[in-house]
Each structure stands twice: as structure tokens, then as C-alpha cells.
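Chemist: here's a sequence, model it:
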Amino acid sequence: MPDNDTSRFRPLRRLALAGLFTLAAGLAQAQSGAPVRILVGFPPGGGTDAIARTLAEKLKDQLGAPVVVENRAGAGGQIAAQALKAAAPDGNTLFLSHDHSISILPLVTKNPGFDPAVDFVPVSGFATFANALAVSGGTPAKSVAEYVRHVQTSGGKDTIGVPAPASIPEFLVGMVAARYKLDLQAAPYRGGAPMMADMLGNQIKAGVASVPDFIENHKAGRLRIVAVIGDKRQAILPDVPTFAELGVAGLEELPYYGFFAPAGTPPAVVERFNQALAKVIAMPDVREHLAAMGLAVAYQPQAAFAKRVTSYTATWDRIIKASGFTPK
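Modeler: Presented below is the predicted three-dimensional model:
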């Protein structure tokens, strides 16, 4: 073979060129003004939807493109996650999700239709939040102790709403039931908004969901948040105790909110979105608005956010396995 024969390097050149073309195409499309979709796994009117719309309004100016929120409600965010997997990795489709769809669903579902570690790229995180137990306005209870007494005088049984089946709120219902020796059954809904409607209509006496789901109705006195997860009280709810204070251990780590992209999205495209999100999260009016919804706002770049997701998933993997839950 001649010394100057380069035929053996041609496949490597083709692979490198293909990668460059993919990157260039992704950058061109992301910068072309094409609409950016933010997938949300829950119905309009809930906390996640409100957060997405707040950020979308600001992101459009930073990205120089329309940003639309697309609700793909159902199965605790599973439908939206599957839609993200099927989307082109061009930076024009992102998934705004909290922990349930990314960390919990794969632990409690045999075939969720996606594997976050394979099918998604963590893009960036922007907040943590607390799940909470709230009682409806038609319930006389103003604390967990009063709610427990109310259930005890009603036969020791109650149904508590949760936004999704096999979710952290459902596991929390079981932990509260065990702590107070009550017969509490979780009633799964398709998101926080329909659960809230039943709480406001006094169809159910209590519910477990995120503080952002509850906070506006709590402020208006239409329901009452009586306990939150976390290792300390929430700044927006200084008078509401943590479950740890009430003797329910294991609920100290807070869930996250963040963005995810399809696997294969070019790093430069991910970084461009990260820079836009960092600027939006730094805006005082955005931080104030999200904090008023019950979020602890803190931007996390890709590497830090990816580490956070991995750690959180491992924590709940241990808790769910210890509970004896069998994936369905």
C-alpha cells in the first residue's frame, strides 16, 4: 500500500463531516427564528403550566423567536416525555418538567416509553419546590393534628387527592397514613388543576401536590396548606411546619424544576438556550413572580443540573424500593 494512501481515513472524515453538518444545521435552525416549543406534561391551569408560560414570555425576546407552550397532559407527564423523545434534536423542542416525569416515572413504570439517561439531555435547572399537604375549605382542620382528629372522628378513613399515580405525593400519603395510623387512600388525578377543582368543590377533603399548585388558593383562603416537605420551612409559608417537624422522616430532599432536550441536541444549541434562560431567571420580576408561586429560584447550568437529577433519582430509587412498591 502506498505511504500516501489515505483511504483508511475516509470513513473518519465522513463521520466528522456529518457531525459538523448536523451541528451547523442545528445552529442554523435554532437561530432562524423558528418557533420553540416548550412541552408541559400537565393541563393548563396548574402550577407547571403557569411556570412555563411565565418563562416562555421572556424567553422569546432572548431567543429571538416565538416560544409556545404545548400541553401534552396525561400519565403524570409520560405523554409529554414520549413526545420529547420523538422530537428532532434541533433545539426547537424542550420539555419543562419537575422531578416526577424524569426521576420517578421510570422507577414506578415497567415500560414508560423513554429512558431519561438515553433519550434526553438535561439542559438546565432553575428552581426547587416543596410538595405539601393541604385541606379543603370545607374541612374545619387548620393543622395536620386537626385534620387527623377530623379523620379519626369520621371513621379513621379518608381519600386524599394526588396529581398523578405512583407519584411522590402518593408515597407521601402512605407515609402520613403510617405515621398517624389512619386508613388514607390516594386518589390519582391527571394533574394538579383537576384535583384542585375537586378540592375547591369540597369533593375531597385533602390533597398532596406542589406548593405552586396550592399557593394562590391558600393565599385566598379557599384551602389551607398544613405541612410541607424539606429540611426547613418554606419562606413563602413561614407558619407551616415541615413533615420532619411532625415526625414524618425521609422527605427532606426537595424536588427540582428544569428543562430537557432530545438526545443528540448539539451542545452549542443547548448552551445558547442556557444563556437565554440564565438571563431570564436573573430578571427581578421573573424571580419575584416565581418566588410568589412557591419556588426557590436558583439557576443551575447543565453539568450541575445533570448531577442534581442523578442524585435525586438515586435517593428516590432507594425510598421506593424500601416501600415495597412494585412497578406497574
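Chemist: list the buried residues in stretch 112-128.
Modeler: By neighbour count on 16 or more other C-beta atoms under 10 Å, the buried set for stretch 112-128 is 112, 114, 116, 119-128. To be clear about C-beta, it is placed using only N, CA and C from the backbone, and glycine gets the same treatment.
Chemist: do the same with stretch 181-188
Modeler: Buried, per 16+ other C-beta under 10 Å, within stretch 181-188: 182, 184, 186-187.
Chemist: show me those residues that map onto strands.
Modeler: When the buried residues of stretch 181-188 are checked against strands (DSSP state E), the matches are 184, 186-187.
Chemist: could those go into JSON lines alongside distance to Ala75 and pLDDT?
Modeler: Formatted as JSON lines, these follow (distance: C-beta to C-beta, whole Å; pLDDT from 0 to 100):
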{"residue": "Leu184", "distance to Ala75": "23", "pLDDT": "97"}
{"residue": "Ala186", "distance to Ala75": "16", "pLDDT": "97"}
{"residue": "Ala187", "distance to Ala75": "16", "pLDDT": "97"}
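Chemist: which of those sits closest to Val162?
Modeler: When these are ranked by distance to Val162 (C-beta to C-beta), Ala186 comes first, at 4.8 Å.
Chemist: for that closest one, name its beta-bridge partners.
Modeler: Ile160 (DSSP bridges).
Chemist: distance of it from Ala177?
Modeler: As defined by C-beta to C-beta, to the nearest Å, Ala186 lies at a distance of 9 Å from Ala177.
Chemist: next, count neighbours for the residue nearest to Phe243 when sequence neighbours are not counted.
Modeler: Nearest residue to Phe243, sequence neighbours excluded (C-beta to C-beta, 6 or more residues apart in numbering): Leu251, at 4.8 Å. Neighbour count of Leu251, defined by other C-beta atoms under 10 Å: 22.
Chemist: distance to Phe214 added to the buried residues of stretch 181-188, as a markdown table?
Modeler: Converted to a markdown table, the buried residues of stretch 181-188 look like this (distance: C-beta to C-beta, whole Å):
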| residue | distance to Phe214 |
| --- | --- |
| Leu182 | 21 |
| Leu184 | 18 |
| Ala186 | 16 |
| Ala187 | 16 |
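Chemist: nearest to Tyr257, of these?
Modeler: Ala186 (22.7 Å).
Chemist: before we move on, what SS does Ile225 have?
Modeler: Judged by DSSP: H, G, I helix; E, B strand; the rest coil, the three-state class of Ile225 is strand.
Chemist: pretty sure the residue nearest to Phe243 sits against Val173.
Modeler: No - using C-beta atoms under 8 Å, Leu251 makes no contact with Val173, being 11.9 Å away.
Chemist: now do the strands in the chain.
Modeler: 36-40, 67-71, 93-98, 120-128, 131-136, 157-162, 183-188, 206-210, 223-228, 256-262, 296-300.
Chemist: quick one: the helices in the stretch 51-200 of the chain?
Modeler: For the stretch 51-200 of the chain, applying DSSP state H, counting those that start in this stretch gives helices covering 78-86, 99, 105-108, 116-119, 144-153, 168-180, 192-200.
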